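In: below are the sequence and a predicted model for it; my questions follow.
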Amino acid sequence: MSAKKLQTPSQTIGPYFAYGLTPGQYGYNFPGIVDGMMVDKNDEGNVVQIIGTVYDAEGKSVDDAMLELWQNDGERRLFGRYGTGTDEGNKFSFTTVKPKSVDGQAPFINVIIFMRGQLLHSYTRIYFEDEETLNATDETLNSIPEDRRKTIIAKKEDGRYVFDIYMQGNHETVFFQL
Amino acid sequence: MSEMAQQGFDMEVQPSYLDKGYKSTLLRAPSRALVLPKKSLSESTGPLFKDFEIGALDHDLTKNAIKVAEPLGERIVVHGTVTNEKGQPLPHTLIEIWQANSAGRYVHKVDQHDAPLDPNFLGTGRCMTDANGKYRFYTIKPGAYPWGNHYNAWRPAHIHLSLFGGDISSRLITQMYFPNDPLCKYDPIFNAVPTKGRDLLVSTFDLDHTEPSFALGYRFDIVLRGENATPFENL
């Protein structure tokens, strides 16, 4: 049996990723692989918009983060990517369908967060406020102290979900070890 | 799949979230313990790009933004193999690439470094590993550039690489450096990696892949987290 290979170390995405990873969103002349529109607006599923802001330890909105969303509920596999440097208030915005429950777990979307100042990316999950029943019995949610659980549950406001991410501080978002 | 279920980042070679030398981490590193979630279908899978159509010049940054002439600088060809931790090659793996030009200037609008842009060089591209996990792309050797981390701070020349493995835990964004670069030893981002991992970020000069009268060859092998050899198609 051959020796295990050492993982290639992670390095920061840095501040200048936009023309490489999110060129369409930022107006560069290079075709991107994906953006925040994970489905067609006329998709027959339960189309939802998720917006939010990433905050640093001083409560400043981060204008050079990149988020990736991935969801797989056994029926739909959807992937999206968005940078926080183009929208008002440094918001991100994804349009997708709400995933279904898998094995009785509360539905959620995986989030991967990259930014200058992160040598390793962070993982979190977006749960949904209006899934009270499944949220209440979900094993992962219940393993998190109640006061922190709400940091990963998107609120429904004006027909959209709002999911703000706090890197540090009293509201620090729950990040996962995958 | 079960034997890899609890594998994580190997902290003997991976940087920590918080690194005092790299000041931007102070306000942006998660400070609380990470939570281990119940594993889910979504996390044991990830986006697949094997059917993504790579543009004809996507893998050649020396040509994909030409307006009137060849870009300035030293042409290089970078190649290597992408494997998992067992050393098994990972075919059809998407690699996205971005970098500064030969003067150390990024096209990105927020880069204010007073070095010239090259109208014939964008500095972004992509390629896919072949059936044997091998990849290759052509570019211009990037220049070093100053940054604001501390007095007289300079980033060593590097190329940013972004890769997707078979599931989202194998996601990797990294930077490839060049051999014998005197700036590496002063660079907090490079040095945030434990000593044992630093050489893994440095490419090697490769005469066998140097193309006569055209481009210098560099080799950079990449190991993604986990032991997945092929992504699960049917989940």
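Out: That came through fine.
In: in stretch A:50-67, what counts as buried?
Out: A:50-56, A:62-67 (16 or more other CB atoms under 10 Å in any protein chain shown). All C-beta spots, glycine's among them, are computed from the backbone N, C-alpha and C.
In: closest to residue B:181 among those?
Out: Nearest to residue B:181 out of the buried residues of stretch A:50-67 is residue A:64 (CB to CB; 25.2 Å).
In: ok, the closest one to residue A:25 distance?
Out: As judged by CB to CB, to the nearest Å, residue A:64 and residue A:25 stand 13 Å apart.
In: go on, residue B:144?
Out: Distance from residue B:144 to residue A:25, by CB to CB: 29 Å.
In: before we move on, the earlier item: chain B: which of the buried residues of stretch A:50-67 is nearest?
Out: Nearest to chain B, judged by CB to the nearest CB, of the buried residues of stretch A:50-67 is residue A:56 at 4.2 Å.
In: tell me the secondary structure at the most centrally placed residue in chain B.
Out: Per CA atoms, centre = their mean, the C-alpha nearest to the average position across chain B is that of residue B:161, at 2.2 Å. Judged by DSSP: H, G, I helix; E, B strand; the rest coil, the three-state class of residue B:161 is strand.
In: now for the residue nearest the centre of chain A: which residues touch it?
Out: Nearest to the mean C-alpha position of chain A, counting by CA atoms, centre = their mean, stands residue A:111 at 3.1 Å. Shown in contact with residue A:111 (CB atoms under 8 Å, 6 or more residues apart in numbering or on different chains): A:67-69, A:123-126, A:165.
In: now do the residue of chain B most remote from its centre against residue A:143, distance only.
Out: In chain B, residue B:38 marks the outermost C-alpha relative to the chain mean, sitting 29.8 Å out by CA atoms, centre = their mean. Here residue B:38 is placed at a distance of 8 Å from residue A:143 (CB to CB).
In: kindly report the same for residue A:165.
Out: When distance is defined by CB to CB, residue A:165 is 20 Å away from residue A:143.
In: do residue A:103 as well
Out: Using CB to CB, residue A:103 is found at 16 Å from residue A:143.
In: report pLDDT for residue B:140.
Out: Note for residue B:140: predicted pLDDT of 98.
In: residue A:67: what secondary structure?
Out: On the three-state scheme (three-state DSSP), residue A:67 is labelled strand.
In: now do the same contact list for it.
Out: Counted by CB under 8 Å, 6+ apart, residue A:67 has contacts A:54, A:81-84, A:92, A:94, A:111-114.
In: of those residues, closest to residue B:88?
Out: Nearest to residue B:88 among the contacts of residue A:67, with distances taken as CB to CB, is residue A:112, at 23.5 Å.
In: can you give me the helices in the chain?
Out: I'll assume chain A. Secondary structure of chain A (DSSP state H): helices located at A:18-21, A:23-26, A:132-137, A:139-142, A:146-149.
In: oops, I was thinking of chain B
Out: B:188-191, B:195-198.
In: counting by contacts, list what the first one packs against.
Out: Packing partners of helix B:188-191 (3 or more CB pairs under 8 Å, 6 or more residues apart in numbering or on different chains; DSSP states H and E): strand B:172-177.
In: and the strand it packs on, how far from the chain's centre?
Out: The gap between where strand B:172-177 is centred and where its chain is centred comes out at 3 Å by CA atoms, centre = their mean, to the nearest Å.
In: where does chain B have low pLDDT?
Out: B:1-7, B:229-235 (pLDDT under 70).
In: the top strand by length along it close to chain A?
Out: Scanning chain B for the longest strand, with DSSP state E as the assignment, gives strand B:75-83. Yes - Strand B:75-83 is in contact with chain A by CB under 8 Å from any CB of the partner chain, via residue B:83.
In: just the CA coordinates for that strand, please, in CSV.
Out: Below are the C-alpha coordinates for strand B:75-83, written out as CSV (Å, rounded to 0.1, in the frame of the first residue of the first chain):
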residue,chain,number,x,y,z
ARG,B,75,6.1,32.2,-21.7
ILE,B,76,5.7,29.2,-19.5
VAL,B,77,3.8,25.9,-19.6
VAL,B,78,2.5,24.6,-16.3
HIS,B,79,1.6,20.9,-16.0
GLY,B,80,1.0,18.3,-13.4
THR,B,81,-1.3,15.6,-12.1
VAL,B,82,-4.3,16.0,-9.8
THR,B,83,-4.8,13.1,-7.4
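In: show me what that strand is in contact with.
Out: A:5, B:62, B:89-90, B:93, B:95, B:129, B:132-141, B:159, B:163, B:176, B:203, B:206, B:209-211, B:214-224.
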